[in-house]
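Enquirer: got a predicted structure plus its sequence, pasted below:
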Amino acid sequence: MPDTIDYGNLMHRAMRGLIQQVLTGVAQTGLPGSHHFFVTFDTMHPDVEIADWLSDRYPGEMTVVIQHWFANLEVTDEGFTITLNFGDNPETLYIPYDAIKTFVDPSVEFGLRFETQDDQRADIAEAPMHEMVEPEDDKPGNRKPAEVVSLDKFRK
């Protein structure tokens, strides 16, 4: 039996479960109202499956927008598969929950950020959207800043 409770990892699992639950609802009934998601993930994670041209263009991380046009959303206990449109070029992506760095729903100013122990970035106030890839139907003028919760404050 360990000497301490690993709250950081417990929180990470719980928040990834929240993402799974939200995406499962979207897969069943679609996006409600003005909800949409920015999902930033590690393109080098061993279980990520994306087209070679996308991993070449985004060799570290990539943010996708799930909003107006998406298809074939399939959610499992380990991750999700989705088809997104990149400039009239539909691509299927598989993103495991462990590869997700941020999950943001700017329509309700909600966000989660998952940091690793070796991540030394101090700025946790907002999700990194500089590497954003927008499917062609996204409307950038509709963005609002999102409140992002950092789970590292729960770690020792």
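Expert: Cool, the structure landed.
Enquirer: please, where are all the helices along the chain?
Expert: Taking DSSP state H, the helices of the chain run over residues 7-29, 52-57.
Enquirer: just say which of these is most tucked in.
Expert: When the helices of the chain are scored by mean count of other Cβ atoms under 10 Å, the highest mean neighbour count falls to helix 7-29 (a mean of 15). Just so you know, the C-beta spots here come from the backbone N, C-alpha and C atoms, and that holds for glycine as well.
Enquirer: determine the set of other helices and strands touching it.
Expert: Here helix 7-29 touches strand 70-75, strand 79-85, strand 100-105, strand 110-113, going by 3 or more Cβ pairs under 8 Å, 6 or more residues apart in numbering; DSSP states H and E.
Enquirer: rewinding a little: looking at the helices of the chain, spot the one closest to residue 35.
Expert: Of all the helices of the chain, it is helix 7-29 that lies closest to residue 35, at 8.1 Å by Cβ to Cβ.
Enquirer: thinking again about what came up before, need the helices of the chain in TSV (columns: distance to residue 1 and mean pLDDT).
Expert: TSV is the format used below for the helices of the chain (distance: least, Cβ to Cβ, whole Å; pLDDT from 0 to 100):
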stretch	distance to residue 1	mean pLDDT
helix 7-29	15	93
helix 52-57	41	92
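Enquirer: mean pLDDT for the helices and strands packed on helix 7-29: which is lowest?
Expert: Out of those, strand 110-113 stands lowest, with a mean of 92 (criterion: mean pLDDT).
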